[in-house]
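[1] Sharing a model prediction with you, sequence too.
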Amino acid sequence: MSDVAIKADDLSKLYKIGERQQYRMLRETFYAFLKKVYRPELKKENSDFIWALKDVSFEIKQGEIVGIIGKNGAGKSTLLKILSRITPPTEGSAVLNGRVSSLLEIGIGFHPELTGRENIYLNGAILGMKKNEIKAKFDEIVDFAEIEKFIDTPIKYYSSGMYVRLAFAVAAHLNSEILLVDEVLAVGDIEFQKKCIGKMEKVAHEGNTILIVSHNMSNIKALCDKAILLEQGKIKIMGDVNTVINTYMSSYEPDKCKRIIMDDDYVSGEKQIKVKYVYLVNSALNRFSVYWLTPIDIMMEIEVYESINDVSFGVGIKTLDDIWVYFVHQDDNTGGRWHFNKGRYNISVRLKNNLKPGIYRLAIGAHHKHYLKNIFHIESIVLEILDYSPDGQIPKIYNPGITIGEAIWEEPERII
Amino acid sequence: MRTIIKPSRGISLPDFSELWEYRDLFYFLVLRDIKVRYKQTVLGGLWAIIQPFFTMVVFSLFFGKLAKVPSDGIPYPIFSYAALVPWTFFAQGLTNSSNSLVGSANLITKVYFPRIIIPLSSVVSGIIDFFIAFAVLIGIMFFYNIYPTINIVWLPLLLLLAFITSLGVGMWLSALNVEFRDVRYVVPFLIQIWLFATPIAYPSSLLPEPWRTIYGINPMVGVVEGFRWALLGTTTAPGPIIIVSSLVTLIILFTGIIYFNRMERTFADVV
């Protein structure tokens, strides 16, 4: 028994549909009460319940790193929340042997007005560290985050990169025997991600147990020995990480088109043409994401308010650090601009995709005459390049660069 | 260390040893609240004085000068200000703690800790404001040549009474606020009514016994009359009132803890 770190017995969690993450107003409760009193026959029309997790049992030994995978809504986060004691199970029980830390988000409780130093202490305490522990590790944390110079600056002046590094640095120095991690590796630049993964591997080698939820199959593959696949709240398969990932990939449904409704707030420009919707025609996982090395098929539905000539459309990709990967115009090579009459149009474009897996921003825009005037410009669409494809190929994301390099090598030819 | 997770049902008391384990978190949350308050506002600590002070000025003008409300033989400004200092501490604590859980939703849904720390720290962080306003009170007393009586030794206990009342009601309201969001509209209204139901602008000596003692059912009556008695030497012996107030406060605190503890489990699902 002593070498078991986590033991779950029939963990189940029931949510009322519609009630999940929703508060009520007194007024509604009051009406519901009146309804019950005056129309008792309505009593039974109670809302439906859903098992977010049903009879989940498993055992994890000390020092094991286990990945939890599954589609959105499969119960991954619910499981982690129960094990983290954020929400109680409806049925079943679990025992965790050892000091537990959960990392469902990094930088929890960070306050923009406080300095880096103050936030390290606050965030550390929120994650369950003691004051002296934080003190002892303080220099190490600052060092890891690479923010020595700004440690006494309020973090509202930090760049997003610094912010993420600081947040991760605190989390990486948690001293716990059981670590529950949810999708937090998906932040920061690749270099820093590598550093974090390295740190986690080190933590694991010290005999700590890690349970990690991720959509990132290559991280799961790199870190974990075992994995659990959840499907509709139940364990579908548990065991060797490769077997589980393969089962998961082969269970994918055909992809669906994903639509984003454009909110005017994120659009700049003169707006003689308005973008109603942006579709990712070949989206994967029912998110705004595509598999790696798969062309990105974008369609935008636009409304033209008045006839307009000499319009050039453009699309581009930016990294989260605001670096342009590229931007192309429809008339770059042909020089042919478009003109529109009043009405609605669909504009379709296919982008070749050799981006490395990760999160990018999709930019679309329309320009008028020599690019001097923006008709509209949007950079707020988040596009994810997934790090696996339905055929199970996983890219080497640890090569440097933004794109996946392509090179054709020939066998060595002996010359002397 | 071993953690057992199981469905929680029924009524239970909080785990006090666990609460002690999380004392550092409590400390840093209080520190955060205090630092942020003084960093974010232009006037910083002055707010601690402005609010009770100007309320006192308005009360003195309308109730003291115009309506000629009696003030137990004490100059009216000092009479009302001595009551406004603990009142402001109570009202601030109540406002902050009522909104504290909803305001900390990102913490509650992402990490475990005894939730009671949140309303607790938001009441405690008002203590600095109290001390600032209290220093001004002492200053005004000297200005009027009034010196504290020996009964000032009871002041910490009276402050504790205000603190527990604020916490007890705050726990009820913060937990209710998670479930029913319209509670937040009720709080300012409640505080306003409560202000006039407490002898701040007028003395409780307006009431004959036994009504005066029964008046102590409002715990802030005990606090306010206690403060005046300990500092200004008012002749109304507040003993019986304070006893009644303390009993009521303990009931509020105890039921508040039970209710909070019961609702605590669902916070993360609802907030």
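    Thanks, I have the structure now.

[2] Leaving out sequence neighbours, find the closest residue to residue B:166.
    residue B:93 (3.6 Å; CB to CB, 6 or more residues apart in numbering or on different chains). From N, CA and C alone the C-beta is placed, and that goes for glycine too.

[3] my hunch is that that neighbour is in a strand, does that hold up?
    No - counting by DSSP: H, G, I helix; E, B strand; the rest coil, residue B:93 is not part of a strand but helix.

[4] if I read this right, it contacts residue B:163, doesn't it?
    Yes - applying CB atoms under 8 Å as the test, residue B:93 and residue B:163 come out as touching, 7.1 Å apart.

[5] More neighbours: which of those two?
    Between residue B:93 and residue B:163, residue B:93 has the larger neighbour count (other CB atoms under 10 Å in any protein chain shown), namely 27 against 22.

[6] gap between that one and residue B:170?
    To residue B:170, residue B:93 is 6 Å away according to CB to CB, to the nearest Å.

[7] okay, and the common contacts of residue B:93 and residue B:163?
    The overlap between the contact sets of residue B:93 and residue B:163 (CB atoms under 8 Å, 6 or more residues apart in numbering or on different chains) consists of residue B:123.

[8] The helix or strand residue A:360 falls within - contacts with which helices or strands?
    Using DSSP states H and E, residue A:360 sits in strand A:358-368. Packing partners of strand A:358-368 (3 or more CB pairs under 8 Å, 6 or more residues apart in numbering or on different chains; DSSP states H and E): strand A:273-280, strand A:296-304, strand A:308-319, strand A:324-329, strand A:373-386.

[9] Tell me which strands that strand pairs with, and in which orientation.
    strand A:308-319 (antiparallel), strand A:373-386 (antiparallel) (DSSP bridges).

[10] rewinding a little: compile the helices and strands packed on strand A:358-368 into TSV and extend it with columns for mean pLDDT and mean neighbour count.
    Listed next are those as TSV, based on pLDDT from 0 to 100; neighbours: other CB atoms under 10 Å in any protein chain shown:
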stretch	mean pLDDT	mean neighbour count
strand A:273-280	86	19
strand A:296-304	89	19
strand A:308-319	89	18
strand A:324-329	90	15
strand A:373-386	84	18
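
[11] Please name whichever of these is nearest to residue A:151.
    strand A:308-319 (26.8 Å; CB to CB).

[12] Tabulate the CA atom coordinates of the closest one in PDB.
    Provided in PDB are the C-alpha atoms of strand A:308-319 (Å, rounded to 0.1, in the frame of the first residue of the first chain):
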ATOM      1  CA  ILE A 308     -16.000  49.500 -53.600                       C
ATOM      2  CA  ASN A 309     -13.100  49.100 -56.100                       C
ATOM      3  CA  ASP A 310      -9.500  48.100 -55.900                       C
ATOM      4  CA  VAL A 311      -9.700  45.900 -52.800                       C
ATOM      5  CA  SER A 312      -6.900  43.600 -51.900                       C
ATOM      6  CA  PHE A 313      -7.400  40.900 -49.300                       C
ATOM      7  CA  GLY A 314      -4.600  39.600 -47.200                       C
ATOM      8  CA  VAL A 315      -4.000  36.800 -44.700                       C
ATOM      9  CA  GLY A 316      -1.200  36.200 -42.400                       C
ATOM     10  CA  ILE A 317       0.100  34.400 -39.300                       C
ATOM     11  CA  LYS A 318       1.700  35.900 -36.300                       C
ATOM     12  CA  THR A 319       3.300  34.200 -33.300                       C
END
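
[13] That strand: how far from the chain's middle?
    28 Å (CA atoms, centre = their mean, to the nearest Å).

[14] With stretch A:274-292 instead?
    Distance of stretch A:274-292 from its chain centroid, counting by CA atoms, centre = their mean, is 15 Å.

[15] go on, stretch B:27-41?
    Worked out by CA atoms, centre = their mean, stretch B:27-41 lies 18 Å from the chain centre.

[16] re earlier: what mean pLDDT does the strand holding residue A:360 have?
    Mean pLDDT, computed over strand A:358-368, is 87.

[17] Chain A contacts on chain B?
    Contacts of chain B with chain A, taken as CB under 8 Å from any CB of the partner chain, map to B:1-8, B:22, B:24-25, B:27-29, B:31-32, B:35-36, B:39-40, B:106-113, B:178-183, B:265-266, B:268-271.

[18] Can you flag the buried ones in those residues?
    Among the residues of chain B next to chain A, those buried by neighbour count (16 or more other CB atoms under 10 Å in any protein chain shown) are B:3, B:5, B:22, B:24-25, B:27-29, B:31-32, B:35-36, B:107-113, B:178-181, B:183, B:265-266, B:268-271.

[19] who touches both of residue B:93 and residue B:170?
    What both residue B:93 and residue B:170 touch, as defined by CB under 8 Å, 6+ apart, is the set B:122, B:123.

[20] picking that back up, quick one: which of the buried ones among the residues of chain B next to chain A sit in strands?
    B:3, B:5 (DSSP state E).

[21] Filter the buried ones among the residues of chain B next to chain A down to the ones in helices?
    Judged by DSSP state H, those include B:24-25, B:27-29, B:31-32, B:35-36, B:107-108, B:178-179, B:183, B:268-270 as members of helices.

[22] wait, what's in contact with the closest residue to residue B:217 other than its chain neighbours?
    Once flanking residues are discounted, residue B:217 sits nearest to residue B:248: 5.5 Å by CB to CB, 6+ apart. Residues near residue B:248 by CB under 8 Å, 6+ apart: B:216, B:217, B:218, B:219.

[23] mind showing which ranges of the stretch 201-350 of chain A have poor pLDDT?
    The stretch 201-350 of chain A contains residues with pLDDT under 70 at A:251-257, A:263-268, A:286, A:335.

[24] Which one of the residues in it is closest to chain B?
    Proximity of the stretch 201-350 of chain A to chain B (CB to the nearest CB) peaks at residue A:209, 12.7 Å away.

[25] residues in contact with residue 7?
    Reading this off chain A. Counting by CB under 8 Å, 6+ apart, residue A:7 makes contact with A:58, A:59, A:60, A:94, A:95.

[26] that's the wrong chain, I wanted chain B
    Contacts of residue B:7 by CB under 8 Å, 6+ apart are A:88, A:89, A:90, A:91, A:92, A:93.

[27] So which of these belong to strands?
    Of the positions in these, A:91, A:92, A:93 sit in strands, assigned by DSSP E.

[28] Name the nearest of those residues relative to residue A:142.
    Distance to residue A:142, by CB to CB, is smallest for residue A:93 among the ones in strands among the contacts of residue B:7, at 40.4 Å.

[29] Could you tell me which residues make contact with the residue nearest to that closest one when sequence neighbours are not counted?
    Counting by CB to CB, 6+ apart, residue A:93 lies nearest to residue B:6, which is 4.2 Å off, once chain neighbours are set aside. Contact partners of residue B:6, counting by CB under 8 Å, 6+ apart, are A:88, A:89, A:92, A:93, A:94.

[30] Most neighbours among the residues you listed, please name it.
    Tallying neighbours with other CB under 10 Å puts residue A:89 at the head of those, with 25 neighbours.

[31] Verify the contact between that residue and residue B:5 for me.
    Yes - contact criterion CB under 8 Å: residue A:89 and residue B:5 qualify, at 6.6 Å.

[32] Overlap in contacts, these two.
    residue A:82.

[33] Can you classify the residue nearest to residue B:217 by secondary structure?
    With three-state DSSP as the criterion, residue B:248 reads helix.

[34] Leaving out sequence neighbours, find the closest residue to the residue of the stretch 51-200 of chain B found nearest chain A.
    Residue of the stretch 51-200 of chain B nearest chain A, by CB to the nearest CB: residue B:112 (4.1 Å). Excluding the flanking residues, the one nearest residue B:112 by CB to CB, 6+ apart is residue A:85, at 4.1 Å.
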